[in-house]
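Colleague: quick one: sequence and predicted model below, then my questions.
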Amino acid sequence: MPVNEIGAFPSKVNQIGDFPSRTIRAITLVGVVGPLIATVVAIVMLWQRDVVPADLALLVGMYLLTGFGITIGYHRFATHRAFKSNPVVEFVLLALGSMAVEGSVIQWVATHWKHHKHADKAGDPHSPLEGLFHAHIGWMFRSEKGIPGRDAKHLLKDRVAILASRTFWLWVVIGFAFPYLVDGWRGVLWGGLVRVCLTHHLTWSVNSICHQFGRRTFDTPDRSRNQWVVGLFGLGEGWHNNHHAFPESAFHGLRWYEIDLSGYVIRLLERGRMISGVRRVSRDRIMRKKAA
Ligand SMILES: [Zn+2]
Ligand SMILES: [Zn+2]
């Protein structure tokens, strides 16, 4: 079983083919359907006003923290090295990203790197050319994910990323234990399952919606698009055509009206000297890049 897909990271398995096994598919199914069912239950409870402000605070607070763990930690830092970080900040970002239950950072990066390498062509794990449902959810059950030894080589030398990958499940548990301590099972529902459901679907929308709907500002060799709803609620990740045009940029929103919450947090971290070497794209390069 390619255990690296579900979090643990034994270095010996990173060269094997990664078509998901039956066990992995069963675990993935629980991970996809469980939070969805819980969200329906939560909506019914909301209708019956069986919710307290602490639950909603947990939902919003944990959505932002773990979401930034994915967008800033997993994506902009671990995949694209859009800035430099000290080990403590890196570990905090990657632990928060792990709590989003999207797999260990090394596996996530390998799959995302493979997406950039083959975007909307043969080999892309989740292109909507194979259907919108495939791009959103179906790909997890039937396409080949990235292989760390091939697609995330730079992380295999990163001790912090390796430690975060090896302790992936611990962070997942903490991501549910914390809301339990705040408001018992109702806290787990809102700060755990509903929060995971939202993060999952916003992340997956970047793969599906942002390669199908929205504006193409730049003429990239893929079908990536800028979609403002995913941009706003997906913490800046919906400016996906900008991202494919300039993958190394720490900022996905390139104009003042392209709201990029992750970019704003990166600016704050830079001002607080917690990160450095933040990579920016000059106005000149943006102007020179061929418009779609
Ligand atoms: Zn893409
Ligand atoms: Zn990317």
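Modeller: Yep, that arrived. Numbering: from 1, shown residues only. Ligands and ions are numbered 1, 2, ... in the order given.
Colleague: part of a strand, is Leu58?
Modeller: No. Counting by DSSP: H, G, I helix; E, B strand; the rest coil, Leu58 is not found in a strand; it is helix.
Colleague: count of residues packed around it?
Modeller: Neighbour count of Leu58, defined by other Cβ atoms under 10 Å: 24. Backbone N, C-alpha and C define where each C-beta goes, glycine included.
Colleague: renumber starting at 44 from here on
Modeller: In the new numbering, first residue 44, that becomes Leu101.
Colleague: settle this for me: it is touching Leu236, isn't it.
Modeller: No. Counting by Cβ atoms under 8 Å, Leu101 stays clear of Leu236, with 11.2 Å between them.
Colleague: quick check: neighbours shared by the two?
Modeller: Residues touching both Leu101 and Leu236 (Cβ atoms under 8 Å, 6 or more residues apart in numbering): there are none.
Colleague: so which residues of the stretch 144-293 of the chain form helices?
Modeller: 148-161, 175-176, 182-185, 191-194, 202-209, 211-230, 238-250, 271-276, 283-288 (DSSP state H, counting those that start in this stretch).
Colleague: stretch 113-133: how far from the chain's middle?
Modeller: Distance of stretch 113-133 from the chain centroid (Cα atoms, centre = their mean, to the nearest Å) equals 12 Å.
Colleague: next, the buried residues of that stretch.
Modeller: Using 16 or more other Cβ atoms under 10 Å as the burial criterion, the residues of stretch 113-133 that qualify are 113-123, 125-126, 128, 132-133.
Colleague: if we can go back for a sec, so which of the helices of the stretch 144-293 of the chain is the most packed in?
Modeller: Compared across those, helix 283-288 shows the largest average neighbour count, a mean of 26 (mean count of other Cβ atoms under 10 Å).
Colleague: next SSE after that one?
Modeller: Following helix 283-288 in sequence order, the next helix or strand is helix 304-314 (DSSP states H and E).
Colleague: starting at the chain centroid, how far to that next one?
Modeller: The chain centre lies 17 Å from the centre of helix 304-314; the measure is Cα atoms, centre = their mean.
Colleague: can you tell me what sits against it?
Modeller: With Cβ under 8 Å, 6+ apart, helix 304-314 has contacts from 107, 111, 114-115, 119, 125-126, 132, 278-280, 293-296, 318-319, 321.
Colleague: which of those residues fall within strands?
Modeller: Taking DSSP state E, the ones among the contacts of helix 304-314 that sit in strands are Ile318, Ser319.
Colleague: how about Val84: what's its closest non-neighbour residue?
Modeller: Using Cβ to Cβ, 6 or more residues apart in numbering and skipping residues adjacent in sequence, the residue nearest Val84 is Leu232, 6.9 Å away.
Colleague: isn't that neighbour up against Asp98?
Modeller: Yes. Here Leu232 lies in contact with Asp98, judged by Cβ under 8 Å, at a distance of 7.4 Å.
Colleague: now do the contacts for the residue nearest to Val84.
Modeller: By Cβ under 8 Å, 6+ apart, the neighbours of Leu232 are Ala81, Val84, Ala85, Met88, Asp98.
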